[in-house]
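Chemist: have a look at this prediction, sequence included:
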Amino acid sequence: MNQHPESMHDISILLVEDEKKIAETLKKGLEEQQYQVDVAYDGNIGQKLFDTHTYELVIADINLPGKNGYELLRHIRAVNQRVPVLMLTALSSTEDKIEGFNTGADDYIVKPFDFAELVVRIRALLKRSQHQAPVGNTIRVNDLVINMDSKEVSRAGNVIQLTAKEFQLLEYMIKNKNRVVSRADIALNVWDIDFDTGTNVIDVYVNFLRKKIDRDYDQKLIHTQVGMGYVLKENS
């Protein structure tokens with residue numbers, strides 16, 4: 001059977017982690033999974049590497065010297081909306097997670113963590129980013145227009161700025177328009193996690209989305225089905 005080593009070694013990851021033992025362990029483990037890994041021990045070096053190299057994925061701690069993970073993430077999103085970013089941190093509160101997602105993170109894993117779970121999360125993020133919609137794929141729901149390639153969203157001609165996670169949530173609801181989706185459905189398909197009944201992060205994000213696409217318009221698109229979940233309705 002023919003091997004294609006170029007396909008196994010072309011995924012490059014930037015790891016920004018100031019704890020050297022953790023960084024070295026992760027680098028070794030990820031390289032055993034056939035990923036190429038560059039390591040930065042502070043946010044400033046991480047930013048320089050990101051600006052001068054091409055990466056398919058970024059893994060960044062939040063508490064970093066020089067430039068913290070949120071600042072680094074804001075820089076990354078200013079220049080690249082698509083590259084998946086996974087935040088790796090000891091900060092575990094819902095507020096911390098919301099700030100991470102709202103800054104533009106695609107996923108969030110809390111220390112200490114299981115390496116196998118990290119690998120699963122990485123694969124899910126890479127799979128999602130590699131299966132983006134073709135150029136020019138535009139979806140309309142009433143006066144809401146979503147360009148699935150450029151990730152641009154507008155309503156009634158007004159541009160709406162969404163974070164990466166808000167866009168993923170909107171994309172999932174649009175793909176299931178006129179169908180009620182539960183919190184468990186959203187957790188699995190947008191966050192790639194099992195739904196934790198102790199967190200309200202999904203409700204918070206639905207409210208973020210509502211404020212941006214519904215609040216200033218008479219016709220509401222996102223509706224709550226009490227006890228069931230949410231539905232994005234296309235009205236005639």
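Modeler: Perfect, I can see it now. Computed from a prediction, not measured in an experiment: that's the story for all the values here.
Chemist: rest of the way, CA atoms for contacts and neighbours
Modeler: Will do.
Chemist: next structured bit after the helix or strand harbouring Ala116?
Modeler: Secondary-structure element containing Ala116, defined by DSSP states H and E: helix 115-130. Past helix 115-130, further along toward the C-terminus, the next helix or strand under DSSP H and E is strand 138-141.
Chemist: helices or strands next to that following strand in the packing?
Modeler: When contacts are defined as 3 or more C-alpha pairs under 8 Å, 6 or more residues apart in numbering; DSSP states H and E, strand 138-141 sits against strand 144-147.
Chemist: what's the burial count for Val120?
Modeler: By other C-alpha atoms under 10 Å, the residues close to Val120 number 12.
Chemist: try Lys111
Modeler: Residues lying near Lys111 (other C-alpha under 10 Å) number 12.
Chemist: show me the protein divided up by domain.
Modeler: Each domain of the chain is listed here as a residue range: 5-130, 138-232, per automatic domain parsing.
Chemist: export the ones you listed to a markdown table and tack on mean pLDDT?
Modeler: Shown next, in a markdown table, are those (pLDDT from 0 to 100):
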| stretch | mean pLDDT |
| --- | --- |
| domain 5-130 | 86 |
| domain 138-232 | 87 |
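Chemist: distance between the ends of stretch 85-99?
Modeler: Its first and final residues considered, stretch 85-99 spans 14 Å by C-alpha to C-alpha, to the nearest Å.
Chemist: report the secondary structure element holding Val37.
Modeler: For Val37, the host element (DSSP H and E) is strand 36-40.
Chemist: centre of the chain to the helix or strand Gln47 falls within, how far?
Modeler: With the criterion set as DSSP H and E, the secondary-structure element containing Gln47 is helix 43-52. Distance of helix 43-52 from its chain centroid, counting by C-alpha atoms, centre = their mean, to the nearest Å, is 20 Å.
Chemist: can you give me the angle that helix makes with strand 36-40?
Modeler: 140 degrees (axes from the mean of the first three to the mean of the last three C-alpha atoms, to 10 degrees).
Chemist: count of residues packed around Pro84?
Modeler: Pro84 has 23 neighbours, counted by other C-alpha under 10 Å.
Chemist: for it, give its distance to Thr54.
Modeler: 12 Å.
Chemist: same deal with Asp96?
Modeler: The spacing between Asp96 and Thr54, counted by C-alpha to C-alpha, is 28 Å.
Chemist: do the same with Glu99
Modeler: Counting by C-alpha to C-alpha, the gap from Glu99 to Thr54 is 26 Å.
Chemist: for Leu86, same thing?
Modeler: The spacing between Leu86 and Thr54, counted by C-alpha to C-alpha, is 16 Å.
Chemist: more neighbours: which of those two?
Modeler: When Leu86 and Thr54 are compared on other C-alpha under 10 Å, the one with more neighbours turns out to be Leu86, at 25 against 13.
Chemist: assign a three-state SS to the more buried one, would you?
Modeler: Judged by DSSP: H, G, I helix; E, B strand; the rest coil, the three-state class of Leu86 is strand.
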